[in-house]
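Enquirer: Here's a sequence, model it:
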Amino acid sequence: MGNYLQYLVFVGVFIHLLGISDYIKDTIKGKTKPNRITWLLWSIAPLIGAFASIANGFSLALIPVFSLGLAPFLVFIASFSNKNAYWELKKLDYICGLFAVLALLLWAITNNPMTAVIFAIFSDIFAGIPTLIKIWKFPQTETLTPYTTGFISSITALFAIKLWSFNETTFPIYLILIQALYLAVFILRKK
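Expert: As a prediction, the model looks like this:
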């Protein structure tokens with residue numbers, strides 16, 4: 001039975017794609033207003049994390065990480081479908097975006113898989129700060145579903161890890177923690 005648990009990643013990815021489809025639908029309607037910098041950079045950091053980890057060999061644990069990179073890119077594209085479906089960018093958005101891009105550039109300079117994972121995490125954190133603040137101040141401009149399903153998808157990655165190495169486990173564990181933070185902010189804000 002233990003060998004089959006690794007295939008839960010496919011269930012997690014499917015659940016996450018359902019959640020992101022809700023977000024995309026709400027974005028197209030103009031109900032949800034994604035921060036384009038956040039969602040674009042959220043697509044880049046997990047994809048880099050996945051590809052950097054692939055340098056040490058492919059694992060099913062990378063599938064949710066890849067999904068958590070592809071889904072935000074789809075949101076970014078959807079944000080152009082409706083002129084009311086984007087968040088007005090402020091100075092903080094650009095500063096965080098700059099730090100996120102800087103983290104990605106530092107990874108490119110080092111060309112080391114372990115360093116790439118670390119910088120991908122920092123990039124993801126900086127990219128998400130504006131959206132985290134937006135969730136707290138303007139929760140009505142966000143849809144909760146992709147954060148919930150992203151959390152579930154991230155957890156399923158743990159079942160697919162065969163070798164608990166730094167490169168293979170760090171980004172999935174980080175994604176669980178960061179998704180939990182977004183969920184906690186949503187829940188606290190609703191109270």
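
Enquirer: tally of neighbours for A120?
Expert: 29 (other CB atoms under 10 Å). For glycine as for every other residue, the C-beta is placed from the backbone atoms N, C-alpha and C.

Enquirer: Just the element for A180, please.
Expert: helix 166-190 (DSSP states H and E).

Enquirer: what's next to that helix, contact-wise?
Expert: If you take CB atoms under 8 Å, 6 or more residues apart in numbering as the criterion, helix 166-190 is touched by 46, 49-50, 52-53, 55-56, 59, 61-62, 64-65, 68, 113-114, 117-118, 120-121, 124-125, 128, 132, 135-136, 139, 142, 144, 147-148, 150-151, 154-155, 157-158, 161.

Enquirer: A116 touches I48, doesn't it?
Expert: Yes. Counting by CB atoms under 8 Å, A116 sits close enough to I48 to count as a contact (6.2 Å).

Enquirer: Relative to L60, how far out is K83?
Expert: Going from K83 to L60 by CB to CB, to the nearest Å gives 40 Å.

Enquirer: more crowded one of those two?
Expert: L60 (17 against 7).

Enquirer: which stretches of this protein form helices?
Expert: Assigned by DSSP state H, the helices in the chain fall at 2-5, 8-29, 36-54, 62-78, 91-110, 113-137, 145-160, 166-190.

Enquirer: could you redo those as TSV and give each row mean pLDDT?
Expert: Below are those laid out as TSV (pLDDT from 0 to 100):
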stretch	mean pLDDT
helix 2-5	68
helix 8-29	89
helix 36-54	78
helix 62-78	85
helix 91-110	81
helix 113-137	85
helix 145-160	84
helix 166-190	85
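
Enquirer: Quick check: neighbours shared by A116 and I48?
Expert: W107.

Enquirer: The helix holding A180 to helix 8-29, inter-axis angle?
Expert: 40 degrees (axes from the mean of the first three to the mean of the last three CA atoms, to 10 degrees).

Enquirer: can you count the residues close to E168?
Expert: 21.

Enquirer: and the gap between the nearest residue to L18 once chain neighbours are set aside and Y23?
Expert: Nearest in space to L18, with sequence neighbours left out and distances taken as CB to CB, 6 or more residues apart in numbering, is T149 at 6.3 Å. When distance is defined by CB to CB, T149 is 9 Å away from Y23.

Enquirer: Burial check on K90, number of neighbours?
Expert: Using other CB under 10 Å, K90 is surrounded by 12 other residues.

Enquirer: what's the closest non-adjacent residue to it?
Expert: For K90, the spatially nearest residue (CB to CB, 6+ apart) is P130, at 7.7 Å.

Enquirer: Contact partners for that neighbour?
Expert: Applying CB under 8 Å, 6+ apart, the residues contacting P130 are N35, I37, T38, L89, K90, L92, D93, C96.

Enquirer: wait, the last one sits on T131?
Expert: Just to be clear, that refers to C96. No. Contact status for C96 versus T131: not in contact, 9.4 Å apart, counting by CB under 8 Å.
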